[in-house]
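**Q** generate a structure from the sequence data that follows.
(2 chains)
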Amino acid sequence: MKHFLSYILLLGVIASAFSQTDSITVLEEVLVVPTKLKEFSSGQTLTTLSDSLLLQNKPSLTSVLNYNTPIYFKENGLGMVSSPSFRGTTASQTAVLWNGININSRFNGQTDFNTINTGSYDAINVRGGGGSVIYGTGAIGGTVHLTNNVDFKRQFSNKLYLGYGSFDTYDTRYQLKAANKKWSTRVSYSRNQSENDYDYLESDNYNRNGQFYNNSLNAVVGFRANSSNTFKLYSELFEGERHFSLIRASENKTKYQDINLKNLLEWEYSNRKITSITRVAFLKEEYKYFPNIETDSYTFGEANTLIGKYDLSYNFSEKIKLNTILSHEYTDGKGSSIPNNFRNISSGALLLKHQVNSKLAYEAAARKEITQDYESPFLFSFGSGYRFNDYYKLKLNVSKNFRIPTYNDLYWATGGNPDLAAEEALQYELGNEFTYKNLKLTLTGYYNDIDNMIRWLPNSSGYWSPSNVDEVATYGGEAVLNWKKQFNNHQIAINSTYAYTVSKNKETKNQLIYVPYHKATTSVYYAYQKFFVETQALYNGEVFTRSDNNPIYNLNDYFLWNVGLGYQFKPHYTIGGKVRNVLNTAYENVENRQMPGTNYTIYLTLNF
Amino acid sequence: MKLTKFLAAAFIGSILFTSCSSDDDFSDQPDEPLGNYDNGILVLNEGGTGTVTYISEDLQTSEQAIYQTVNDGDDIGAYAQSIFFDDDLAYIISNGSNLITVVNRYTFELVGKVDSGLEVPRYGVVENGKAYVTNQGDLTDGGVDDFLTIIDLETLEVEQTIPMGAQDEALEYIKEEGGLLYIQKASYDTGNKIAVFNPTTNTVDNTIETYTYTGTLYGAPKDFGLNSFEIEDGFIYSLSGSYLEKFNLNTLELESSISLDYEGGDAYNIDIEDDQIYFTVANSVYTMSINADAAPEDALLTYNTNSAWGVMYGFEVEDDRIYVADGGDFVSDSFVEVYDLEGNLLSNITVGVGPNGFYFND
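**A** All right, here's what the predicted structure looks like:
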């Protein structure tokens, strides 16, 4: 409570300090979509979550995507390890791209969505379905793009968000943007911390040892040397520590620290015919896991990755564009159970985009990787969109995608298998887009045939070792509805998603565990003059927790409802509050991991 | 019924009753069950969250998760490892939750819990009113910090912690014989020692070294050692992959050894019952006389399994039956099989996740 009072005091001081400022910048809603993603998604469905939407959610990427997309998350207790299942695929079959660079861990091939603080980004783009030709490994279920925007519109703006909530949770996000015609700078800092000691609703216990914090510092600098040459530097440092919550008080307390550094330098040269982008990226991932925090003993992993990418597009005409992407990646990694190993992966991709006329567009692409370390398949994709009329558009996509074996798979000291091949997925997708005035409804059906899935099994010596054994078919449908209306002083926006997902092991015919058949989300935003109300609802269907699908062990479905209220008290200050899990639903997302009941957040946003 | 007949019946009945209760070994009378789970087999399932399956003596009925059922959904912790007994009490060890749950072995009603002072507890035994439990502590240190806890069974508090670990000397099984405790200092095929611990002085009096051989694992040499041992009629029988050794319990000298060379792999799970030695190789059970001087060639039985990692996850021979547990895939309920001593299958019974041990209420 003491902390809370001083925090409120701090809010007051900052508010009064800035109330003198009169440089007003009204932020209009700009949907930021990376060029390549926009150009090569003719046959696929793209969702963009704007920065103002990000502010309506808790800062973790899990929370943002869980309430706004069809992606299902398996979260090991609030704020703990969180892995996605996108269209019924496994945690390592969703690729996360940071400004176009694949940042899934080189060790386990996954991104833990609770170790990404969304306060650093201008937008998050989500595309369902395959994307390996452009985005590389893991782009099977779909891709999640963390996007920073560089624009050269003159501006100088600051944005500060301060939130405080139940369980001693502090959420701070600050962003500075300064740009003119030549330079563009964006610096942001986000911190999220919580005691996370919520009471369990179904027992006398509480969430022990669940505290965490993370800091994310992000800087983007753009320099437009002249009309055809632009340089951009993106840099991000993430540092966090999480204790992993206990199920029973007698268990060992554990914790996890991680540091992630990402850097990307980009030089873009363009004229009428040619766009050439040269990229150099350096990624560092480092983690330490403490199996007992009473002792200093820990296990660790550390990987450095250097990526060079050359991307050249040539416009034959206004309608036909040919694009080649050459890349090379060098990774040097080691860990407690992984001897120092390095690996080199080179790849070449060729892409063609043809805008036949205003109604029809298609694209075709292929990619091949060359590496010593595993067998890599030939990848391709074909996508097309046809607009029949103002109301209806049909989309079609076929692609072959992959997930490469990870460092753990290849080099784990006892068991790593150097003879692995990449997982392969052949995917078909059909999308229907209906538009009527401000209403947009997208219905997508897909089928994904995944082979050579890597599973760790004991070998003849009795030690675990990975091999390419599993075959899985995932198929289902997604519906996305968006509606927006503005009249007089009223604004209303509704966004809904629904996913029906089947993910079957082909041999046993059983649904994969922790993949719900049904998931639905709805958010409604309504503003009248200076007041606004927002609500979010989430329905998460029943999931299996046993591979034989024995229903007595299923986790129940649940319905969550959040409500927020806000008031804009000066043109650029907003104060608000949010109640999460209004119905005080007792639920578990993972077996034995009880989630919090009703909880509260209050916040202040200052734009100056 | 006439009153006289009733009285006569009551009279005879009372004589029978008193004579029965005055003589516990009176064998024609069936025991009054001491609880719902008397006269049957307890199967410990490691979990996820551990559970206990009860199977009736006649193998006709079974009941899952009996502890949870009896105790309002409370559970015995993550990764149930083993159970040890003292009179009517069962002590259920959970290595994932550093927890020992104490229950009445016949009713499974909760009596108490040991919930501090343990770190990755493995096996226990009771001697002189105290429980001695092995702990592996930090699992990444190769056994260095392993320790023995001594638990006061009145207060259920750990009253003493004795560090006993060393590199490649992780603590595992503990057995009592003649007032001494024999502790296996070997885990997951690594290590080759059995410590003889004196519970009156709390010191290790002696150490037996068992056979070890150097094999290769992923191109690197590795020493394979002891995996299980039994004490029977004044001897310790130890199983070290490809060797069965016999040590004299008094002198601790090696008396004899037999090579166990099987194509299916190393031998595990030694059990001795009625002068027969039983052990397992992959999914087969072998048996030989306690006095045999060569290994049996043919398996007594081989059971069907698809399990990748849980083949023969639990094994026990008791009262003319052979019990085999299959770990399955560890993400769904698995099964146990019961055979007679000729290797004929008597029953296949579904149990919980990762069954690893059999215990008997008879």
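
**Q** who's in contact with residue B:339?
**A** Residues in contact with residue B:339 (C-beta atoms under 8 Å, 6 or more residues apart in numbering or on different chains) are B:285, B:301, B:321-324, B:345-346. C-beta coordinates here come from the backbone N, C-alpha and C atoms, glycine included.

**Q** which of the residues you listed fall in strands?
**A** Members of the contacts of residue B:339 lying in strands (criterion: DSSP state E): B:285, B:301, B:321-324, B:345-346.

**Q** which of these count as buried?
**A** Using 16 or more other C-beta atoms under 10 Å in any protein chain shown as the burial test, the ones in strands among the contacts of residue B:339 include B:285, B:301, B:321-324 as buried.

**Q** could I get those residues in CSV, plus columns for pLDDT and distance to residue B:355?
**A** Formatted as CSV, these follow (pLDDT from 0 to 100; distance: C-beta to C-beta, whole Å):
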residue, pLDDT, distance to residue B:355
B:285, 97, 16
B:301, 96, 18
B:321, 97, 16
B:322, 98, 15
B:323, 98, 10
B:324, 97, 10
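
**Q** what stretches of the stretch 201-350 of chain B score poorly on pLDDT?
**A** B:216-220 (pLDDT under 70).

**Q** for chain A, what's the nearest residue on it?
**A** Of all residues in the stretch 201-350 of chain B, residue B:332 sits closest to chain A, at 3.8 Å by C-beta to the nearest C-beta.

**Q** and that residue, helix, strand or coil?
**A** Of the three states, residue B:332 takes coil under DSSP: H, G, I helix; E, B strand; the rest coil.

**Q** check whether it really touches residue A:545, as I assumed.
**A** No: between residue B:332 and residue A:545 there is no contact under C-beta atoms under 8 Å: 9.1 Å.

**Q** the residue in the stretch 101-250 of chain B positioned nearest to chain A: neighbouring residues, count only.
**A** Nearest residue of the stretch 101-250 of chain B to chain A (C-beta to the nearest C-beta) works out as residue B:115 at 4.0 Å. For residue B:115, the neighbour count with other C-beta atoms under 10 Å in any protein chain shown is 18.

**Q** got it, and residue B:246?
**A** Neighbour number of residue B:246 under other C-beta under 10 Å is 17.

**Q** give me the element it is part of.
**A** strand B:243-248 (DSSP states H and E).

**Q** residues contacting residue 261?
**A** No chain specified, so I'll use chain A. A:236-238, A:282-284.

**Q** oops, I was thinking of chain B
**A** B:242, B:295.

**Q** please apply the same query to residue A:294.
**A** Contact analysis of residue A:294 by C-beta under 8 Å, 6+ apart lists A:252-253.

**Q** same question for the helix or strand where residue A:606 lies, mean pLDDT?
**A** Applying DSSP H and E as the criterion places residue A:606 in strand A:599-607. Across strand A:599-607, the average pLDDT comes to 95.

**Q** what does stretch A:538-557 give?
**A** For stretch A:538-557, the per-residue pLDDT averages 93.

**Q** centre of the chain to it, how far?
**A** 25 Å (C-alpha atoms, centre = their mean, to the nearest Å).

**Q** name the residues that touch that stretch?
**A** In contact with stretch A:538-557 (C-beta under 8 Å, 6+ apart) are residues A:66-67, A:72, A:505, A:508, A:510-521, A:558-561, A:587-591, B:329, B:331-333, B:353.

**Q** at 7 Å instead, please
**A** Defining contact as C-beta atoms under 7 Å, 6 or more residues apart in numbering or on different chains, one finds that stretch A:538-557 is touched by A:66-67, A:510-511, A:513-521, A:558-560, A:588, A:591, B:329, B:331-333.

**Q** tell me which residues of that stretch come out buried.
**A** Buried, per 16+ other C-beta under 10 Å, within stretch A:538-557: A:538-541, A:543-549, A:553-555.

**Q** in chain B, which spans are helices?
**A** For chain B, applying DSSP state H gives helices covering B:3-21, B:66-70.

**Q** so what's residue 54 up against?
**A** Using chain A. Residues near residue A:54 by C-beta under 7 Å, 6+ apart: A:64, A:118, A:124.

**Q** chain B is the one I meant
**A** B:37, B:40, B:42, B:62-63, B:66.

**Q** repeat that for 6 Å
**A** B:37, B:40, B:63, B:66 (C-beta atoms under 6 Å, 6 or more residues apart in numbering or on different chains).

**Q** so what's residue A:455 scoring on pLDDT?
**A** 79.

**Q** pLDDT weak spots in chain A?
**A** In chain A (pLDDT under 70), the answer is A:1-30, A:457-463.

**Q** up against chain A, what does chain B have?
**A** Residues of chain B found near chain A (C-beta under 6 Å from any C-beta of the partner chain) are B:77, B:97-99, B:115, B:138, B:308-309, B:329, B:331-333.

**Q** now for these: which two are most distant?
**A** Spatial extent of the residues of chain B next to chain A (C-beta to C-beta) is set by the pair B:115 and B:308 at 33.5 Å.

**Q** what residues does chain A put near chain B?
**A** A:248, A:250-251, A:297, A:457-458, A:546-548, A:550.

**Q** can you redo these as a markdown table with distance to residue A:193?
**A** Shown next, in a markdown table, are the residues of chain A next to chain B (distance: C-beta to C-beta, whole Å):
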| residue | distance to residue A:193 |
| --- | --- |
| A:248 | 25 |
| A:250 | 27 |
| A:251 | 23 |
| A:297 | 25 |
| A:457 | 40 |
| A:458 | 41 |
| A:546 | 36 |
| A:547 | 37 |
| A:548 | 41 |
| A:550 | 40 |
